[in-house]
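Colleague: Quick check, what structure comes out for this input:
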Amino acid sequence: MRQELLSLPKGLAEEVSRNLVMVARLIDEDPEQAYAYSRIALRLASRVAAVREAAGFAAYATQKYSEALAEFRAAKRMTGSVELWPVMADCERGLGRPERALAMAGEPEVQKLDKAGQVEMRLVAAGARRDMGQLEAAIVTLQSPELASNSVQPWTARLRYAYADALLAAGREDEAREWFAKTVEADKDGSMDASDRLAELDGVEFVDALDADEADEIGDEDDEQDAAEVAAAERASDQAEYYDEDDEEYEPLERSEADVDVDVTDEVVVVEDEDDEDDERDQARDKA
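Modeller: Sure, this is the predicted structure:
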C-alpha cells in the first residue's frame, strides 16, 4: 500500500493514508463510519488499487454488495491478483446469485489462491449450496483435508464452525455437537459463539450476570421497604393504648357528635343548684 501511495503528491498521499487508517480501525466496530472514510479516500485517489480494495471491504461490511463487487473488480484489474476472488464470489451470494458464486468456485483462479484463499473459497461455495437448499452438498463441500487435520490454522475455527452449523441444519445433532466442541478447541481468541451453540445443544441456559444483579438489587429494595413498613407499624402499635374488650374495666371513650376534643385549659364554670340559693335567702331573713 505504501508503495502505491508514493505515486501521489506528498500532501495528498498523507491525506489518503489517514483515511485508510481510519477505515482499518473502524471497519469492525463501526462499518458505516469506516465506509464514510473510504469514500473520502476514493474521491482523492480512485486510481490507487489499495484505495479501491479498502473501499470494497468497507462497502462489503455495510452489505453494499453491488458496490463492493465493483470495487473488488477494479482492484483486481489494477493488480492482476486473484486474492479477492473468494470475497467477490461472496458478493454474488449477497446479491442473491449463489449459482454465480458456485461457478466462480470452479474457475482456474481458485487454483492460484494460497491455502487460506482456497479454504475461504470452499466456505463460500458451501454457503452458496445452503442458499440453494442443498444441505448435504454443503456438508460434502466442507469435507476436506483441512477440516480433518488436527493442526490449528487461522482458518480452522471458521471451517469447523461452518461444518458444525451445516450438520445441525441437516438434523445431525450428535455430529454437530462434536464439531462445535472441536471449534471451541481451535477458537483461541473466543471470536466465535461455538461454546454458546454447544451449550444450547446440551440444554444449558445462561443467565446474564447483570440482569441477576439488578434482580438482587430490586429484591433488596423490596426487603428494605417491607422492613420499614413493619417497623412503622410496630411503633404505631407501641404508641397506641391497648384495650381488651373482654376486660371488665374497659370503658371506651365516647366522643361528642361534633367529635371535638375538650381543651383542658378552658375555664370551668360552676353552676349552683337553685334549692341551695333559696336556703341561703331564708337564713338571711332569720338573722334579720
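
Colleague: shouldn't Ser17 be in contact with Leu5?
Modeller: Yes - applying Cβ atoms under 8 Å as the test, Ser17 and Leu5 come out as touching, 5.9 Å apart. All C-beta atoms are positioned from the backbone trio N, CA, C, and that covers glycine.

Colleague: secondary structure class for Cys91?
Modeller: helix (DSSP: H, G, I helix; E, B strand; the rest coil).

Colleague: For Thr141, see how far away it is.
Modeller: Separation of Cys91 from Thr141 (Cβ to Cβ, to the nearest Å): 19 Å.

Colleague: So between these two, which is more surrounded?
Modeller: Cys91 (28 against 23; other Cβ atoms under 10 Å).

Colleague: Skipping adjacent residues, who's closest to that one in space?
Modeller: Using Cβ to Cβ, 6 or more residues apart in numbering and skipping the chain neighbours, the partner closest in space to Cys91 is Leu69 (4.1 Å).

Colleague: Could you pull up the residues touching that neighbour?
Modeller: Leu69 sits next to Gly56, Met88, Cys91, Glu92, Leu95 when contact means Cβ atoms under 8 Å, 6 or more residues apart in numbering.

Colleague: Tell me how far it lies from Asp165.
Modeller: Taking Cβ to Cβ, one finds Leu69 at 25 Å from Asp165.

Colleague: cool, Arg177 as well?
Modeller: 12 Å.

Colleague: got it, and Val140?
Modeller: Taken as Cβ to Cβ, the span from Val140 to Asp165 is 15 Å.

Colleague: Pick out whichever of those two has more residues nearby.
Modeller: It is Asp165, of Val140 and Asp165, that has more neighbours when counted by other Cβ under 10 Å, with 20 against 13.

Colleague: Would you confirm that that one contacts Glu173?
Modeller: No - if you go by Cβ under 8 Å, Asp165 and Glu173 don't touch, sitting 11.9 Å apart.

Colleague: which SS state does Glu29 fall under?
Modeller: Secondary structure of Glu29, per three-state DSSP, is coil.

Colleague: which residues does it contact?
Modeller: Counted by Cβ under 8 Å, 6+ apart, Glu29 has zero contacts.

Colleague: repeat for Ala61
Modeller: Here Ala61 is in contact with Ile27, Asp28, Pro31, Ala34, Tyr35 (Cβ under 8 Å, 6+ apart).

Colleague: Please repeat the previous calculation with a cut-off of 7 Å.
Modeller: Ile27, Pro31, Ala34 (Cβ atoms under 7 Å, 6 or more residues apart in numbering).

Colleague: Where does the last one fall, secondary structure wise?
Modeller: With elements taken from DSSP states H and E, the one containing Ala34 is helix 31-44.

Colleague: burial measure for the residue lying closest to Leu135 once chain neighbours are set aside, as a count.
Modeller: Nearest non-adjacent residue to Leu135, counting by Cβ to Cβ, 6+ apart: Ala170, 4.6 Å away. Using other Cβ under 10 Å, the number of residues around Ala170 comes to 15.

Colleague: mind checking how far Ala170 is from Glu120?
Modeller: 22 Å.

Colleague: Ala186 now?
Modeller: 16 Å.

Colleague: Then Leu12?
Modeller: 33 Å.

Colleague: between these two, which one's more packed in?
Modeller: Glu120 (21 against 13).

Colleague: How about the contacts made by that one?
Modeller: Contacts of Glu120 by Cβ under 7 Å, 6+ apart are Pro86.

Colleague: State the helix or strand in which it lies.
Modeller: Going by DSSP H and E, Glu120 is in helix 115-131.

Colleague: Tell me the buried residues in that helix?
Modeller: Neighbour counts over helix 115-131 (16 or more other Cβ atoms under 10 Å) mark 117-131 as buried.

Colleague: give me phi/psi at Val23?
Modeller: Main-chain torsions, Val23, degrees, to the nearest 10: phi -60, psi -50.

Colleague: and what of the one 4 residues further on?
Modeller: Here is the backbone geometry of Ile27 (degrees, to the nearest 10): phi -60, psi -30.

Colleague: That one contacts Ala58, correct?
Modeller: Yes - using Cβ atoms under 7 Å, Ile27 is in contact with Ala58, at 6.2 Å.

Colleague: and those two? which has more neighbours close in?
Modeller: Neighbour totals were compared for Ile27 and Ala58, and Ala58 leads with 29 against 20 (other Cβ under 10 Å).
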